[in-house]
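Colleague: Sharing a model prediction with you, sequence too.
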Amino acid sequence: MTSIPLSAPPSRLWTVAQGTGVVLTLVLVSALVLVPAVALGVLWDMVIPLLPAVFLINPMLWRNVCPLATLNQVGGTRAERKLKGGALDGGWAVGIILLVLMVPARRFLFNEQGAVLAGTIVAVALLALGTGLVFSRRAGFCNSICPVLPVEKLYGQFPLITVPSAICPDCNGCAARGCVDLTGGRSMDQSVGRGHQGWRWLLTPMGGFAALFPGFVIGYFTTIDGNLSTAPAVYGHVALWMIGSGAVVAALVLAFRLSTAVALPLLGILALGLYYWYAAPGLADGYGLPELGPAVVRGLALLLITAWLVRAYPRIRSAPTA
C-alpha cells in the first residue's frame, strides 16, 4: 500500500491520550447508566460546549484523541478500500444527516435519558470500528460519515496553531479529497469541489451544510427540552430555521457574487458566534462561574473569533468575485 510521509511517528503522549480517550468513553457509558444526572451534566454542560473552540484552534487537537477515531483506525490499517468521487460525497451527506438528526434529539431524548445516550454511543463506536475493518484508514468513518466532521471542516478553515496528525503520520489517500488530517484548513475548500467561484457550491453536501448551519444552531437553541412526543415539533422548528438560513445565504451569494473564499469563513464564524452566544449560560453554570460567567464565556469566544478572523482576512480580502 503506497503512502506519503506526513510527519514524524506519533509521540507516546498522543498514544497515551488516545488510550485514555477510549477508557474515558467506557467510564462515560457506565456513568450514563449508573449516575445519569451527573454524567449528563458533565457531558452536555462542561465537555461538549468546549469542542467548537477546540475545532477553531485546530481540529487535529480533537481528531488525534477522539475515541471513535482510535477505534476506526484499529482495522483501517489493514483494509484496502478507499473512498472517492460520488461515494465520498455520499458519505459526507450521511454524516450531515446524522448530525441533523442527533443534535435535535437531545431535546426529547439525549439530554435526560442517560441509558439511551449510552446505547447510542456504543452503537456509533461499533460503527466506527466496523467501518474501519472495511475501508482503509479513516475513509469509512472519520473522513466520511462522522457527524462531527462537517463542523470540524467549517470551524477548522484557519487553525490558530499547527498540530500534526498523530493517527496518520503518513497518507495513503484513503479519502480522495477533503481530508482534514492531510490538507488542514483547505479541507472545506476541497470538499465543495468545482464551482467554488460560483453559486453551485451551495448544492454540494458541505456547501449546503455551511449555508444551513447558522439556522441549525439558532433552531436548536430556541427549542426546549420535552418528552418524546415533542420530537416532530423540535425537528420542524429546526428545519424552518435551516430553510430560512439557506434561503438568506443563497440570496446573498447570488446578489453579491460571493465566492467560497468569502462565504465559507463568514458562515463558519457566524455559526460559532451564535453557538457561544446561546451556550454561554449553560457553560457558565456547568463550571460554577459567578453571575458574570456568561459574559466571560462570550468575551473569550469573541477573542477566539477575532484571532481567527485576523488569520482569515488576507484570503477574504483577496478573493475574486464569481
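Modeller: Ah, there it is.
Colleague: What is the three-state secondary structure of residue 123?
Modeller: Three-state call for residue 123 (DSSP: H, G, I helix; E, B strand; the rest coil): helix.
Colleague: That one: neighbour count?
Modeller: Neighbour count for residue 123, taken as other Cβ atoms under 10 Å: 10. For every residue, glycine as well, the C-beta is placed using N, CA and C.
Colleague: what about it, distance to residue 62?
Modeller: Distance of residue 123 to residue 62, computed by Cβ to Cβ, to the nearest Å: 21 Å.
Colleague: How about residue 245?
Modeller: Computed as Cβ to Cβ, the residue 245 to residue 62 distance reads 25 Å.
Colleague: higher neighbour count, these two?
Modeller: When neighbours are counted by other Cβ under 10 Å, residue 245 and residue 62 differ, and residue 245 comes out ahead with 23 against 20.
Colleague: So that one, which state does it fall into?
Modeller: Per three-state DSSP, the secondary structure class of residue 245 is helix.
Colleague: Would you check how far apart the closest residue to it other than its chain neighbours and residue 161 are?
Modeller: Spatial nearest neighbour of residue 245, excluding adjacent residues (Cβ to Cβ, 6 or more residues apart in numbering): residue 215 at 2.6 Å. Residue 215 is 30 Å from residue 161, where distance means Cβ to Cβ.
Colleague: And residue 69, by the same measure?
Modeller: Taken as Cβ to Cβ, the span from residue 69 to residue 161 is 19 Å.
Colleague: before we move on, what about residue 211?
Modeller: Noted for residue 211: a distance of 28 Å to residue 161, by Cβ to Cβ.
Colleague: In terms of packing, which of those two has more residues around it?
Modeller: Ranked by neighbour count (other Cβ under 10 Å), residue 211 and residue 161 place residue 211 first, with 24 against 8.
Colleague: The residue lying closest to residue 50 once chain neighbours are set aside and residue 241, how far apart?
Modeller: Spatial nearest neighbour of residue 50, excluding adjacent residues (Cβ to Cβ, 6+ apart): residue 283 at 7.9 Å. Separation of residue 283 from residue 241 (Cβ to Cβ): 22 Å.
Colleague: Equivalent analysis for residue 288, please.
Modeller: In this view, residue 288 and residue 241 are 31 Å apart by Cβ to Cβ.
Colleague: re earlier: if you count what's nearby, which of residue 283 and residue 241 comes out ahead?
Modeller: residue 283 (24 against 20).
Colleague: re earlier: the residue nearest to residue 50 touches residue 45, doesn't it?
Modeller: Yes - Residue 283 lies in contact with residue 45 (Cβ atoms under 8 Å); the separation is 6.6 Å.
Colleague: pretty sure residue 129 contacts residue 71?
Modeller: Yes - in this structure residue 129 lies within contact range of residue 71 using Cβ under 8 Å: 4.4 Å.
Colleague: between these two, who's got more neighbours?
Modeller: Higher neighbour count among residue 129 and residue 71: residue 71, with 25 against 19, using other Cβ under 10 Å.
Colleague: any residues touching stretch 47-58, and which ones?
Modeller: With contact meaning Cβ atoms under 8 Å, 6 or more residues apart in numbering, stretch 47-58 is reached by 61-62, 148, 151-152, 155-156, 159-163, 272, 275-276, 279, 282-283, 286, 301, 304-305, 308.
Colleague: for the chain, what spans make up the strands?
Modeller: For the chain, the strands defined by DSSP state E occupy 4-5, 170-171.
Colleague: which stretch in these has the least confidence?
Modeller: For the strands of the chain, the weakest mean pLDDT is recorded on strand 4-5, namely a mean of 50.
Colleague: which stretches of the stretch 1-150 of the chain form helices?
Modeller: Listed in chain order, the helices found in the stretch 1-150 of the chain under DSSP state H, counting those that start in this stretch are 12-34, 36-42, 51-57, 60-63, 67-76, 85-102, 105, 114-134, 149-155.
Colleague: If we go by neighbour counts, what in the longest one is buried?
Modeller: By neighbour count on 16 or more other Cβ atoms under 10 Å, the buried set for helix 12-34 is 14, 18, 21-22, 25, 28-29, 31-32.
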